[in-house]
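Novice: Dropping a prediction and its sequence here:
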Amino acid sequence: MGFKIKEISTSANIKKFIKFPHRLYRSNKQYVPVLDADEYKMLTASPSLEYCKIKMWLAFSDGDEIVGRIAGIYNPRSNEVHNEKRIRFGWFDFIEDKEVASALLQQVIEWGRELDMKEMHGPLSYNTWGRQGMLIEGFENIPPVNCLYNYSYYPRIMEELGIGKQVDWVQVKLKANVGVPEKLRRINQMLLKKYKLRIIDIKEMKGNDKLLESFFESYNESFKKIDNFIPLTKSEADQIVKEYFPKLRDELTCIIVDHNDNIAAFGVCFPSLSKSFQKAKGKLLPFGMFHIMKEFKSYDTIDLMILGAAPKWQHKGISSIYHTHIATNLERGRIRYAISNPQAENNSAYKVWGRYGYEPYMRRRCYIKNIE
């Protein structure tokens, strides 16, 4: 098949870039489209672009039909934090054609070489709040809204192109309404008393600048040793507070503070909105908002978005406090299942799921290639 690659920058072409996956996956029952308006803002006005640079390309067939897309991301903060010289790729989608995939990746490679980068890796976003990781297992499952979905030919073609694994992220599915043993409740009460910790109401944190600042300090410190993680900037944190925190629900959130009101640990979950986003098809109007709000009020599955503890509180057992707190709330309700956020397979926190009855759900891969 003949095709050509074109770098894009106009609003019209960026909108085509955003909508391409909707057409590529239109007959797929697992694909979850993000909202077009949110994606446009992410690509053109994200606070991450204060330090990142992004380029986008589309692949067009001879008949001028879009057959692939890719974004290259230059993230100097990540390179500095990890002492690397890497260019990222993301927003990578293509028809089942190895030549198209290869040509798109080559655009990122050439840009990386211009910037004197030594390696290319991805799929990644600007930071770990973005959607990342190519699906390699669990194609039969529907992903959380904040996770990518792709066809099974994607990783096959990556292997054929000789692009290797950097790291895998694993997601599991747990039963959420099994309750908590009384012995574990007593242990958690002892931990709270021993370390002078307390669980705060989410309303106490909203609008409290000191607690919000402490939350993101704890978040940045908690995950700093995780592959490809970079600390959020204040602008990025402010955007998250604006977009996500108003939607937090008490029964799905557990914030633990120490005696100085610094964030010690946190567990933040969201109602699973994947099915309503599928119905919205990338649009809030005319009916997308109706579907999303309906599922936000009535759901039987939750997404475990972020679970962590500040370094000084790690390995003290306090993660069981937020697990127990949320699980206690869930056993009283209609919630049946919980889907974990992707966790690096080499992250020791992943082992916590061994305490619970769980089943594998999805596995994602970040690929890496030397481009010197």
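Specialist: Perfect, I can see it now. All figures in this text were calculated on a predicted structure; none of them were measured in a lab.
Novice: Which parts of the stretch 151-300 of the chain are helices?
Specialist: 153-160, 182-194, 202-205, 209-222, 234-243, 274-280, 288-297 (DSSP state H, counting those that start in this stretch).
Novice: Any chance of JSON lines for the ones you listed, columns distance to Lys15 and mean pLDDT?
Specialist: To be clear about C-beta, it is placed using only N, CA and C from the backbone, and glycine gets the same treatment. As requested, those are exported to JSON lines (distance: least, CB to CB, whole Å; pLDDT from 0 to 100):
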{"stretch": "helix 153-160", "distance to Lys15": "23", "mean pLDDT": "98"}
{"stretch": "helix 182-194", "distance to Lys15": "49", "mean pLDDT": "85"}
{"stretch": "helix 202-205", "distance to Lys15": "36", "mean pLDDT": "83"}
{"stretch": "helix 209-222", "distance to Lys15": "32", "mean pLDDT": "90"}
{"stretch": "helix 234-243", "distance to Lys15": "21", "mean pLDDT": "93"}
{"stretch": "helix 274-280", "distance to Lys15": "17", "mean pLDDT": "96"}
{"stretch": "helix 288-297", "distance to Lys15": "17", "mean pLDDT": "92"}
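Novice: tell me the most buried of those?
Specialist: Among the helices of the stretch 151-300 of the chain, helix 274-280 has the highest mean neighbour count (mean count of other CB atoms under 10 Å), at a mean of 20.
Novice: which strands and helices sit next to it?
Specialist: helix 288-297 (3 or more CB pairs under 8 Å, 6 or more residues apart in numbering; DSSP states H and E).
Novice: Can you spell out which helices and strands pack onto the helix it packs on?
Specialist: Checking 3+ CB pairs under 8 Å, 6+ apart, helix 288-297 ends up next to helix 274-280.
Novice: what does the longest helix along the chain rub up against?
Specialist: Criterion DSSP state H: the longest helix present in the chain is helix 98-114. Applying CB atoms under 8 Å, 6 or more residues apart in numbering, the set of residues contacting helix 98-114 from outside is 1, 3, 5, 7, 55, 57, 59, 67-70, 72, 74, 86-87, 89, 92, 94, 119-120, 154, 157-158, 160-161, 163, 369, 371.
Novice: Give me the buried subset of those.
Specialist: Neighbour counting with 16 or more other CB atoms under 10 Å marks 3, 55, 57, 59, 67-70, 72, 74, 86-87, 89, 92, 94, 119-120, 154, 157-158, 163, 369, 371 as buried within the contacts of helix 98-114.
Novice: Now go through these and say which are in helices.
Specialist: Those of the buried ones among the contacts of helix 98-114 lying in helices (DSSP H): Tyr154, Ile157, Met158.
Novice: Next, format the residues you listed as CSV and append distance to Leu252.
Specialist: Compiled in CSV, these are given as follows (distance: CB to CB, whole Å):
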residue, distance to Leu252
Tyr154, 32
Ile157, 38
Met158, 35
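Novice: with the residues you listed in mind, which one is nearest to Ile202?
Specialist: Ile202 lies nearest to Tyr154 out of those, by CB to CB, at 37.8 Å.
Novice: Quick check: closest non-adjacent residue to the closest one.
Specialist: Nearest residue to Tyr154 in three dimensions, chain neighbours excluded: Met134, at 5.6 Å (CB to CB, 6 or more residues apart in numbering).
Novice: give me the number of residues near the one you found?
Specialist: 20 (other CB atoms under 10 Å).
Novice: same thing with the one 4 residues further on?
Specialist: By the other CB under 10 Å criterion, the neighbourhood of Gly138 contains 18 residues.
Novice: And Glu372, by the same measure?
Specialist: 9.
Novice: who touches the most centrally placed residue in the chain in this structure?
Specialist: Residue closest to the average C-alpha location in the chain (CA atoms, centre = their mean): Arg131, at 4.4 Å. Residues in contact with Arg131, defined by CB under 8 Å, 6+ apart, are Val34, Gly90, Ser125, Asn146, Cys147, Leu148.
Novice: now Ile136
Specialist: With contacts defined as CB under 8 Å, 6+ apart, Ile136 is in contact with Pro155, Asp168, Arg363, Arg364, Arg365.
Novice: Just send those back as CSV, with distance to Arg26 too.
Specialist: Listed next are these as CSV, based on distance: CB to CB, whole Å:
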residue, distance to Arg26
Pro155, 21
Asp168, 29
Arg363, 25
Arg364, 23
Arg365, 25
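Novice: now, the most widely separated pair of those?
Specialist: It's Pro155 and Asp168 that sit farthest apart of the contacts of Ile136, by CB to CB, at 10.9 Å.
Novice: Give the residues shared as contacts by those two.
Specialist: Common neighbours of Pro155 and Asp168 (CB under 8 Å, 6+ apart) are Ile136, Arg365.
Novice: Counting by contacts, list what the one helix or strand Tyr361 maps to packs against.
Specialist: Assigned by DSSP states H and E, Tyr361 belongs to strand 358-370. If contacts are counted by 3+ CB pairs under 8 Å, 6+ apart, strand 358-370 sits against strand 119-122, strand 134-137, strand 164-175.
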